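Asker: Got a predicted model here, sequence first, then my questions.
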Amino acid sequence: MNKYIRFDWAAKYMLRNKADYVIFEGLISALVGEKITILELMESESNREDRDDKCNRVDIKAKDTRGEIILVEIQQTRELDYLQRMLYGVAKTITEHMEHGMPYSKVKKVFSINILYFDIGEGKDYLYHGQVTLKGVHTNDTLQLTEHEREDLRIVAPENVFPEYFVIRVDQFNQLAVTPLEEWMAYLKDEYIRPDTTVPGLIEARSRLEYLRMTPEQRREYDHYMDTLVRDTDVERTKLLEAEIKGRKKGMTEGMEKGMAEGRAEGRNERNAEIARSMKADNLPIEVIMKHTGLTAKEIESL
């Protein structure tokens with residue numbers, strides 16, 4: 001079986017020319033369900049050419065058939081504040097495409113597509129999608145535009161303005177690839193491309209992203225990246241295992257200490273009860289027995 005390059009590495013270090021955009025366009029088109037055209041791969045702090053940079057982000061700007069802007073972000077490493085990063089990326093994209101003095105009617109809708117090679121939150125699905133809708137607090141109806149507003153603004157509803165978010169949790173995909181999107185997921189997760197694929201983008205990926213087609217230098221860099229990725233994953237797993245073992249030991253120690261303390265207290269109670277019985281048999285006053293044993297009058301009477 002042919003060996004293909006991981007998509008996140010290829011996107012950052014190999015697919016940098018316009019001739020390669022067709023691969024990105026195939027993936028995004030399969031996700032949003034229409035033909036997508038790449039505008040540019042944005043060069044920023046996320047696209048540093050440092051081979052030891054493990055952030056491994058790639059930012060892409062594209063447009064759909066209506067000219068709406070799409071922001072694509074490929075992210076490999078874990079970030080606890082990634083949801084805030086998604087929001088920031090959308091806001092930045094909107095402002096970057098607005099020139100000073102332009103009317104708000106020129107604001108374009110943004111699709112934030114986030115391909116994550118780590119788990120974020122809890123959930124069973126590999127693909128999550130969300131968009132903003134305006135609901136009535138008391139009536140639960142959805143805010144709609146008037147006919148005049150639709151004609152004047154050339155939009156159908158408020159959700160045609162607000163951003164949409166896609167979160168792809170690559171590691172959660174575990175099903176048979178049947179649809180174009182599922183074929184893409186199989187490649188994103190396992191670097192597998194069907195030899196008879198007809199999916200746009202994957203056809204080109206088969207010829208351009210095969211491991212053996214890389215130059216010797218590219219293979220060395222890629223092998224180093226994969227070795228580093230495996231090593232870092234093992235380090236993280238070791239840290240989690242050590243923390244788990246430490247937690248169990250701490251729990252056992254605390255449990256033993258608690259058990260010993262409870263045993264000592266129970267022993268003291270039994271000893272005081274025996275003393276109280278003896279003093280009670282000698283007909284000593286309850287006040288005296290209470291003073292020497294710490295028992296209550298009710299406890300002494302029950303003995």
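Answerer: Sure thing, it's come through. Numbering: from 1, shown residues only.
Asker: residues contacting residue 39?
Answerer: 61-63 (Cβ atoms under 8 Å, 6 or more residues apart in numbering). Using the backbone N, CA and C atoms, a C-beta is placed for each residue, glycine as well.
Asker: Contact partners for the residue nearest to it when sequence neighbours are not counted?
Answerer: Excluding its sequence neighbours, the residue lying closest to residue 39 (Cβ to Cβ, 6 or more residues apart in numbering) is residue 61, at 4.6 Å. Contact partners of residue 61, counting by Cβ under 8 Å, 6+ apart, are 38-42, 69-72, 93.
Asker: In three-state terms, label residue 61 for me.
Answerer: When classified by DSSP: H, G, I helix; E, B strand; the rest coil, residue 61 comes out as strand.
Asker: Quick check: bridge partners of it?
Answerer: Per DSSP bridges, the residues bridged to residue 61 are residue 40, residue 71.
Asker: Can you check the pLDDT for it?
Answerer: Predicted confidence (pLDDT) for residue 61: 86.
Asker: who touches stretch 164-172?
Answerer: Counting by Cβ under 8 Å, 6+ apart, 31-32, 86, 109-120, 123-131, 185, 188-189 sit against stretch 164-172.
Asker: filter the residues you listed to the buried ones?
Answerer: Buried by 16 or more other Cβ atoms under 10 Å: 31-32, 86, 109-117, 120, 126, 185, 188-189, out of those.
Asker: thinking again about what came up before, for residue 287, state which of the contacts of residue 39 is nearest.
Answerer: residue 61 (87.4 Å; Cβ to Cβ).
Asker: what about residue 198, distance to residue 142?
Answerer: From residue 198 across to residue 142, the span is 38 Å (Cβ to Cβ, to the nearest Å).
Asker: The two: who's more crowded?
Answerer: Per other Cβ atoms under 10 Å, whichever of residue 198 and residue 142 has more neighbours is residue 142, with 12 against 9.
Asker: so the more buried one sits right up against residue 131, yeah?
Answerer: No: at 12.0 Å, residue 142 and residue 131 do not qualify as touching, with contact defined as Cβ atoms under 8 Å.
Asker: quick one: low-confidence parts of the stretch 1-150 of the chain?
Answerer: Along the stretch 1-150 of the chain, the parts satisfying pLDDT under 70 run over 1, 43-57, 75-78.
Asker: any idea where the strands of it begin and end?
Answerer: 37-42, 58-63, 69-75, 110-116, 127-131 (DSSP state E, counting those that start in this stretch).
Asker: can you list these in TSV and add distance to residue 274?
Answerer: Below are these laid out as TSV (distance: least, Cβ to Cβ, whole Å):
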stretch	distance to residue 274
strand 37-42	82
strand 58-63	77
strand 69-75	69
strand 110-116	66
strand 127-131	66
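Asker: Mind checking these for the one nearest to residue 177?
Answerer: strand 127-131 (13.4 Å).
Asker: Between the contacts of residue 39, which sits nearest residue 174?
Answerer: Nearest to residue 174, judged by Cβ to Cβ, of these is residue 62 at 28.4 Å.
Asker: how many other residues sit next to the nearest residue to that closest one once chain neighbours are set aside?
Answerer: The shortest distance from residue 62 to any non-neighbouring residue, by Cβ to Cβ, 6+ apart, is to residue 70 (4.3 Å). Using other Cβ under 10 Å as the criterion, residue 70 is surrounded by 25 other residues.
Asker: According to the record, where do the domains of this protein fall?
Answerer: Split into domains by automatic domain parsing, the chain comes to 7-213, 237-301.
Asker: gap between the longest helix seen in the chain and the chain center?
Answerer: Determined from DSSP state H, the single longest helix within the chain is helix 216-281. Centre-to-centre, helix 216-281 and its host chain are 28 Å apart (Cα atoms, centre = their mean, to the nearest Å).
Asker: what is the rounded mean pLDDT of it?
Answerer: If you average the pLDDT over helix 216-281, you get 79.
Asker: I'd like the next helix or strand past that helix.
Answerer: Where DSSP states H and E defines the elements, the next helix or strand beyond helix 216-281 is helix 286-293.
Asker: Kind regards, and thank you for your time.
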